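Peer 1: Starting from these lines, generate the structure:
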Amino acid sequence: MKSKVKNPDIIIGIDPDCDRSGVAYLETGTKTLIPFNITFIQLIDYLRKVKRDSIAQNESVVVIVEAGWLNTISNYHNVTGRGCCRVAKNVGANHQVGKIIVEMARYYGFEVVEQKPFKKTWKGANGKITHDELAYFTNLEKKRTNQEERDAALIAWGYADFPIKLKV
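Peer 2: Residues are numbered from 1 along each chain as shown. Predicted coordinates:
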């Protein structure tokens, strides 16, 4: 689902997590991408600051949140027995964090898009995107990223509809 804001100045991609969510700040005019990860409380403070700054600078902002809860089947894991309960609990907790982030961002007045997770077609473990793959098409200056940061960056970059060029 696309937002009502056409060609936003800033896109904030968020990959929700119970401990530290991946966040990516993308300035669309310069294609400047800044991925990082922060706690839930830090994210709430960050969104408040982005909102204040965007009003002061007359910039449009869209927040894109990876919404795994939109999938018909939430997660596939090769886990059986008691491990299934732990995985289900963690997946449910992450989904709830994401839903609360969506609610808080809307409360702050952001246009928010709930984005279904992308298919895992990358070279990393379980088809996840690697740092090198992300850096290749975004010209990312950061030397290292974790999986949540990369997923958030991919969410923002994909929403901006910027090209994704893969190494051949």
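Peer 1: And stretch 5-16, what's buried?
Peer 2: 8-16 (16 or more other CB atoms under 10 Å). All C-beta spots, glycine's among them, are computed from the backbone N, C-alpha and C.
Peer 1: Quick check: buried residues in stretch 62-71?
Peer 2: For stretch 62-71, by 16+ other CB under 10 Å, it's 62-69.
Peer 1: on that earlier part again, quickly check the buried residues of stretch 5-16 for the two that are furthest apart.
Peer 2: Farthest-apart pair in those is 9 and 16; separation 23.4 Å (CB to CB).
Peer 1: ok, residue 21 - contacts?
Peer 2: 14-15, 37-40, 43, 97, 101, 148, 152 (CB atoms under 8 Å, 6 or more residues apart in numbering).
Peer 1: pLDDT below threshold where in the chain?
Peer 2: Where the chain drops to pLDDT under 70, the residues are 1-4, 73-92, 167-168.
Peer 1: mind listing the helices for it?
Peer 2: Taking DSSP state H as the criterion, the chain carries its helices at 40-56, 82-107, 131-138, 147-159.
Peer 1: what's the most buried one of those?
Peer 2: Ranked by average neighbour count under the criterion mean count of other CB atoms under 10 Å, the helices of the chain are headed by helix 147-159 at a mean of 24.
Peer 1: Specify the angle between it and helix 131-138 in degrees.
Peer 2: Calculated by axes from the mean of the first three to the mean of the last three CA atoms, to 10 degrees, helix 147-159 forms an angle of 20 degrees with helix 131-138.
Peer 1: Show me the contact partners of helix 147-159.
Peer 2: Counting by CB under 8 Å, 6+ apart, residues outside helix 147-159 touching it are 11-15, 17, 20-26, 33, 35-37, 62, 64-66, 113, 115, 118, 124, 128-131, 134, 137-138, 140, 145, 164.
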